[in-house]
Structures are given as C-alpha cells and as structure tokens.
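Participant: sequence-free structure coming up:
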C-alpha cells in the first residue's frame with residue numbers, strides 16, 4: 001500500500017465522501033446493502049482534494065503510459081477529473097456516454113478523437129467495473145487503442161478484478177478499500193468482527209447484502 005493511497009483515502013474521509021458502517025448498512029441505488037458508501041462527486045467541491053487527485057492521476061498516467069494521446073472521462077462522474085488531468089498533461093479530452101445519443105449524429109464519444117489514438121479512461125469509482133468497461137468497449141469499437149483505466153477509489157471487489165482480467169484491461173486507482181481499512185484500524189474505529197464483515201462483503205456483496 002502506497003502513501004498516496006492512504007493520503008487520498010484520508011482526504012475522502014475528511015470530506016465525508018466515503019463512510020464505513022458495517023453494523024448499519026447503506027442501501028445503494030441498485031437496492032444492494034453495503035457496509036461502505038463512497039460518493040466521489042463531492043471531491044469536485046474541494047479544491048485541495050480535487051487538485052491532489054488530478055495531480056496524482058496525471059503522474060500515474062504519465063509514468064505508466066507516456067505515449068497516451070487522449071484522455072477520456074466516463075459520463076458523468078469521470079468528466080471533471082478527466083478534464084483536469086487532460087489540462088495537466090496538455091492532451092485532448094473526450095468523454096464517453098453510457099449509450100449513444102438518440103438524436104443528432106448519435107455519438108457515444110464526444111470530443112476530438114481519431115481511430116487508432118492511444119486512450120486512457122478515467123472514472124471516479126470502481127466497484128464491479130461494469131460501466132467503465134462498457135465505455136472502454138465503446139471506445140474500442142470506434143477504433144481507440146485503450147491503454148488502461150484509472151480511477152480515484154476502488155472497492156477491490158472480487159467481481160471487479162475478474163471483469164478487468166476478462167476484458168484484458170489494466171486498472172489503476174489512487175486509493176482503495178485496503179487503504180481505507182488500514183486508516184480505520186489505526187484509528188481503532190473497527191472491531192475484528194467488523195473488519196471480517198467488510199472482507200466478507202468484498203468477496204461476495206450480494207450474499208452479504210442478503211444476510212443483512
């Protein structure tokens with residue numbers, strides 16, 4: 001675990017973008033019950049936090065893919081972060097809709113883009129990876145050479161790891177559940193039982209939800 005992972009996790013805690021509540025679960029929009037809730041949209045309202053995220057994403061992208069030619073944000077939460085990263089790297093920005101427009105030219109990728117360009121995708125939060133992998137597939141269909149996916153935070157779900165492996169795409173996030181749990185343990189905020197509950201949820205969120 002890197003210091004950056006803990007720094008970003010602490011920043012998300014400080015602005016209440018992420019919360020742990022294994023004994024009183026949150027209910028996600030899907031209806032799934034979860035011991036963790038993360039709303040990275042809050043980060044755009046805090047200049048110091050969004051600057052930290054943009055600078056670290058830009059550094060990670062430059063270090064891993066120095067030949068990247070275009071930055072893509074997933075609609076909608078990935079767009080502001082992708083814009084700040086594109087500005088720092090002095091690269092074109094595009095964004096990818098969840099589905100093609102049903103009017104006009106029917107575009108799914110908005111912005112200047114040419115087939116064959118090396119692209120990196122940015123999303124704010126990775127759970128199973130479904131939405132960002134759909135965006136990556138859409139970009140690939142239009143001829144993009146998708147180098148990898150970057151995000152702010154990952155729940156590190158077993159299903160997410162499996163989905164990225166099957167899609168043959170790499171995933172890099174600035175922070176993750178492991179870093180969050182490390183901070184919570186250092187602050188003595190979690191009992192051993194609560195920690196085990198979170199690890200169980202990570203392996204099978206649906207089964208955990210059904211039991212809660």
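Facilitator: Now that the structure is in, tell me what you want to look at. Here the structure is a predicted model, which means the values were calculated and not measured. Numbers count the residues shown, from 1 in each chain.

Participant: can you give me the helices in the protein?
Facilitator: 3-14, 47-64, 79-89, 130-141, 158-167, 177-186, 192-203, 205-210 (DSSP state H).

Participant: next, the buried residues of the last one.
Facilitator: Of the residues in helix 205-210, those buried under the neighbour-count criterion (16 or more other CB atoms under 10 Å) are 205, 208, 209. For glycine as for every other residue, the C-beta is placed from the backbone atoms N, C-alpha and C.

Participant: where does pLDDT dip in the protein?
Facilitator: 101-106 (pLDDT under 70).

Participant: 50 - rerun?
Facilitator: Residue ranges of the chain with pLDDT under 50: 104.

Participant: quick one, what contacts the residue most central in space within the chain?
Facilitator: Centroid-nearest residue in the chain: residue 125, 2.8 Å away (criterion: CA atoms, centre = their mean). By CB atoms under 8 Å, 6 or more residues apart in numbering, the residues touching residue 125 are 38, 40, 77, 151, 152, 153, 154, 155.

Participant: reformat those as JSON lines; add neighbour count and distance to residue 13.
Facilitator: Below are these laid out as JSON lines (neighbours: other CB atoms under 10 Å; distance: CB to CB, whole Å):
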{"residue": "38", "neighbour count": "24", "distance to residue 13": "10"}
{"residue": "40", "neighbour count": "22", "distance to residue 13": "12"}
{"residue": "77", "neighbour count": "21", "distance to residue 13": "19"}
{"residue": "151", "neighbour count": "26", "distance to residue 13": "17"}
{"residue": "152", "neighbour count": "29", "distance to residue 13": "13"}
{"residue": "153", "neighbour count": "28", "distance to residue 13": "11"}
{"residue": "154", "neighbour count": "25", "distance to residue 13": "16"}
{"residue": "155", "neighbour count": "22", "distance to residue 13": "15"}
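
Participant: including distance to residue 162, could these go into CSV?
Facilitator: Output for the contacts of residue 125, formatted as CSV (distance: CB to CB, whole Å):
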residue, distance to residue 162
38, 20
40, 23
77, 23
151, 17
152, 21
153, 19
154, 13
155, 13
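
Participant: for stretch 67-81, buried residues please.
Facilitator: In stretch 67-81, counting by 16+ other CB under 10 Å, buried: 68-75, 77-81.

Participant: please disregard the earlier target; I meant stretch 133-151.
Facilitator: For stretch 133-151, burial by neighbour count (16+ other CB under 10 Å) applies to 133-136, 138-139, 144, 146-151.
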